[in-house]
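In: Next come a sequence and a model predicted from it.
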Amino acid sequence: MTKEELKGKLEAAVKPTTIDNFISKISPAWAHKRQRARMTMALDGAFTGAMTSRRSLLSWITSSGDPDTDIIRDLPALRERSRDLERNHPIAHGAIQTKCLNIIGPGLQLRARLDREALNMPEDAADAWERKVQREWRLFWNSQEVDISRTSSGPELEWMGYKQTKINGEVLVLFPRRKRTGSPYQTKIQLIEADRLCNKDNTVDSSDLAGGVKKDADGAPIEYHILQQHPGNLRRATEKKWDIIPAFGKDTGLRNVLHIYRQERPGQTRGVPDFAPIIEPLKQLGRYTEAELDAAVLSAFFTVFIKSENAEGMFGDTSETSTDATTSKDFKLGKGTILGLKQGEDISTASPGRPNQNFDPFFQSIVQQIGVALGLPHEVIMKRFLASYSAARAALLDAWKYFICEREWFASKFHQPIYEIFLYEAVAAGRISAPGFFSDPIIHQGYCGTDWIGPAKGMINEGDEVEAAQKRVDLGITTLDEETAQLTGGDWEQKHPQRVKEKKQRIKDGLEAPVVASGDSPRREGAVVTQPIKTDPNKQDKLDKEEMAI
């Protein structure tokens, strides 16, 4: 709203009406309140949530900053607290593990998918090319040589990288080159924790440099400022040094840095941890759980208080000047122990009233809210499926939608760029033949097609799931390859040759009869057997008559 518009609204609100003039003569105080209310309404607008005069909203502190202003200054505290929760809080740790297990699992499997039409490649040649590329990818990815530190294989790096995006909100991937014996590929993977991404010399954020990322006028990254050592490394408290890494290769145009994070706002430079909106509820729930657990442990002890009419009590005078040899060590509770009391002494017990019967309902209610923020049903977070079969299935299906979306996102940000860099080196080194790969963008894209297959959804009722899959294949709305990946997470192209081999071996050993078409000799392997369609003669005659009438 411009100043002129605001001025006009205020003048209209202040200008008294005929009714205001009448009320002012009867009750000036009432007229003044009406005028103030009209001015407040003019300033606040039509939305109740935007009104500044409401008492319930007076203490609501909000920010109108841009994404970097709102996010970057809070990131250090958010990351520290998120990591602490993941280390020490059962719910937080379990939620992250559940996501990693279902989204990454043992690692996403590559399915090379050539664009056969764009490449004008025959079907057999395309299948052979895809198998060769997948073989080369396994050589590159499943070895610890892919890790710059030679400690993790590719699937382990996947798990670590995704986990970092959930706990810290982001992760960086670098591609240093090292020539090592036994590895034909020089490209290596280096994961960088988000704490190391910061402005060189800790300079203040500016219009083009914020959070360690320098951008051009279009908002695209130009370079990344990466601290050579972790800022929390107390063993190397030396002078801090930064590496300035260009975002893209000058000659190849490939990315030198993968900055993986969920961008929720336009212009957002850094990622936010998953736990950011629920850090306080998680911490408070942890404290409440610890308090209830301590109370339950204390209630397990049978505490006895000795009531005595003697001022010195049952133990007598236990001061240093006392000559009485009797001390508290002489009086203990034991199994079947009979302990005599002095005259005038009695006992009473104390019970803290634990376990608290209201603990579990309250705990489950808070976990439900936490699950909504994390995108997971509380049944999946707690691994607790007690309501019913339908409710359990609905919870798993809802969680699976989230897992599929997360897997597609992470594969596009992590796996696909790494695969394209790998393929670039493999073609350049002559290990894979790809004519036109470097000359035509359409051909280049045709070679880089992929599917990334992750862990299977799992089945509650295997019979129904398999039957439904068979019907989908029979109707032609899905393929054996897709159903195999969804139901078992396997590769149909690898399973099919093994099934053919097993079939032949069983027939050869007499464990299974060969398939014979009616009226024919045993069919050759791979032939299609069609069965005659049985029809009702009376029904067929009726259909023929109707067709002739038409």
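Out: Structure's in. What do you need? Quick caveat: nothing in here was measured; it's all calculated off a predicted structure.
In: Name the residues linked to the nearest residue to Leu108 once chain neighbours are set aside by a beta bridge.
Out: In space, and not counting its chain neighbours, Leu108 is closest to Trp452: 4.3 Å by C-beta to C-beta, 6 or more residues apart in numbering. Heads up, the C-betas are built off the backbone N, CA and C, glycines and all. Listed by DSSP bridges, the beta-bridge partners for Trp452 are Leu110.
In: can I assume Trp452 is in contact with Trp409?
Out: No. Applying C-beta atoms under 8 Å, one finds Trp452 not in contact with Trp409, separated by 11.1 Å.
In: dump the residue contacts of the residue nearest the centre of the chain.
Out: Taking C-alpha atoms, centre = their mean, the centroid of the chain lies closest to Lys99, which sits 4.9 Å from it. Going by C-beta atoms under 8 Å, 6 or more residues apart in numbering, Lys99 touches 162, 166, 376, 403, 406.
In: before we move on, what SS does the third one have?
Out: So the one you mean is Leu376. Counting by DSSP: H, G, I helix; E, B strand; the rest coil, the backbone at Leu376 sits in coil.
In: I'd like the mean pLDDT over the helix or strand containing Pro361, please.
Out: Taking DSSP states H and E as the definition, Pro361 sits inside helix 359-374. The average pLDDT within helix 359-374 is 93.
In: Only the buried residues of it, if you could.
Out: Judged by neighbour count (16 or more other C-beta atoms under 10 Å), helix 359-374 contains these buried residues: 359, 363, 366-367, 370-371, 374.
In: Do I have it right that Leu75 meets Gly169?
Out: Yes. In this structure, Leu75 is within contact of Gly169 by C-beta under 8 Å, at 7.3 Å.
In: Between these two, which contacts overlap?
Out: Joint contacts of Leu75 and Gly169 (C-beta under 8 Å, 6+ apart) are 194, 270, 272.
In: Name the nearest of the contacts of Lys99 relative to Ala395.
Out: Closest approach to Ala395 among those (C-beta to C-beta): Leu376, at 8.9 Å.
In: Can you get me a residue count around that closest one?
Out: Residues near Leu376, counting by other C-beta atoms under 10 Å, number 23.
In: rewinding a little: next, format the buried residues of helix 359-374 as JSON lines and append distance to Ala125.
Out: Output for the buried residues of helix 359-374, formatted as JSON lines (distance: C-beta to C-beta, whole Å):
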{"residue": "Phe359", "distance to Ala125": "65"}
{"residue": "Phe363", "distance to Ala125": "60"}
{"residue": "Ile366", "distance to Ala125": "58"}
{"residue": "Val367", "distance to Ala125": "54"}
{"residue": "Ile370", "distance to Ala125": "52"}
{"residue": "Gly371", "distance to Ala125": "49"}
{"residue": "Leu374", "distance to Ala125": "46"}
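In: Determine the number of other residues adjacent to Val257.
Out: So Val257, with other C-beta under 10 Å, has 20 neighbours.
In: ok, it touching Leu172?
Out: Yes. Counting by C-beta under 8 Å, Val257 touches Leu172, with 6.0 Å between them.
In: Can you work out which residues contact both of the two?
Out: Common neighbours of Val257 and Leu172 (criterion: C-beta under 8 Å, 6+ apart): Tyr224.
In: hmm, back to that, and Trp452 and Trp409? which has more neighbours close in?
Out: With neighbours defined as other C-beta under 10 Å, Trp452 and Trp409 compare such that Trp452 has more, 18 against 15.
In: wait, what's in contact with the more buried one?
Out: Residues near Trp452 by C-beta under 8 Å, 6+ apart: 108-111, 407, 411, 415-416.
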